[in-house]
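Undergrad: give me coordinates for this.
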Amino acid sequence: MTQQEKKPLTAQEQAQVEQQNILWQRECFQNAQKHLAEKGIMPKTLIEKDSRFLAPFCALWKFKAQNGKNYWVITGRLPTDHAEVSAAKDARDAIRYFSLQWQLKADQIMQTGASDKTKVDFANLLINRAHGLYEMHENEQLWANEPK
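TA: Below is the predicted model:
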């Protein structure tokens, strides 16, 4: 279908897309909280103004934890991961941070002579998602409304 053949969404279709985005966001939020809890970090509050959503690919959350530290948590169609806020000054920088970390993790898996298919598949997933994140980091249009 060419760009000219695409029809605008009806009000009902728009409402359906918005509902799907809300459900997706809620699921990602729950996954982020669960991930932190599994790592022994108890989330206290969400810092909404710094969190970003690139549905349906990824959500980036900024949490203040009960231990007083702040964390970035990435969820979505990629591995859920977290980092202390000191790793990145803003959401865009956090996207790049996770991209670079995942490339390093994948490299470590491959360097250890991963013969286990599961490990190799995971390393390849990390590489694939890391490239996608880096492309998002570099896409100026995604960050056009961000404060400088």
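Undergrad: now do the contacts for P56.
TA: 21, 24, 76-77 (CB atoms under 8 Å, 6 or more residues apart in numbering). The way it works is simple: take the backbone N, C-alpha and C, and place the C-beta from them, glycine included.
Undergrad: now that we have those residues, which of them are buried?
TA: 24, 76 (16 or more other CB atoms under 10 Å).
Undergrad: a strand runs through Y71, doesn't it?
TA: Yes - remark: Y71 belongs to a strand, assigned using DSSP: H, G, I helix; E, B strand; the rest coil.
Undergrad: just checking, it touches D81?
TA: No - because the distance of 10.3 Å does not satisfy CB atoms under 8 Å, Y71 is recorded as not touching D81.
Undergrad: ok, those two, which is more surrounded?
TA: For Y71 and D81, the more surrounded residue by other CB atoms under 10 Å is Y71, and the numbers stand at 24 against 19.
Undergrad: so what touches stretch 138-148?
TA: Contacts of stretch 138-148 with the rest of the structure, by CB under 8 Å, 6+ apart, involve 54, 90-92, 136.
Undergrad: so which of those residues is the closest to K44?
TA: Within the contacts of stretch 138-148, the smallest distance to K44 is 19.5 Å, found for A91 (CB to CB).
Undergrad: residues contacting that closest one?
TA: Under the criterion of CB under 8 Å, 6+ apart, the contact list for A91 reads 50-52, 60, 62, 72, 146.
Undergrad: gap between it and Q12?
TA: Taking CB to CB, to the nearest Å as the criterion, A91 is separated from Q12 by 32 Å.
Undergrad: so what's L133 closest to, chain neighbours aside?
TA: Spatial nearest neighbour of L133, chain neighbours left out: S99 (3.9 Å); criterion: CB to CB, 6 or more residues apart in numbering.
Undergrad: helix or strand right after the top helix by length along the chain?
TA: Taking DSSP state H as the assignment, the helix of the chain that covers the most residues is helix 11-38. Tracing the chain C-terminally past helix 11-38 and defining elements by DSSP states H and E, one meets strand 43-46 next.
Undergrad: run me through the strand neighbours of that following strand, direction for each.
TA: Strand 43-46 has the following strand partners under DSSP bridges: strand 58-65 (antiparallel).
Undergrad: and the angle for the partner strand with helix 11-38?
TA: Following axes from the mean of the first three to the mean of the last three CA atoms, to 10 degrees, one obtains 50 degrees for the angle between strand 58-65 and helix 11-38.
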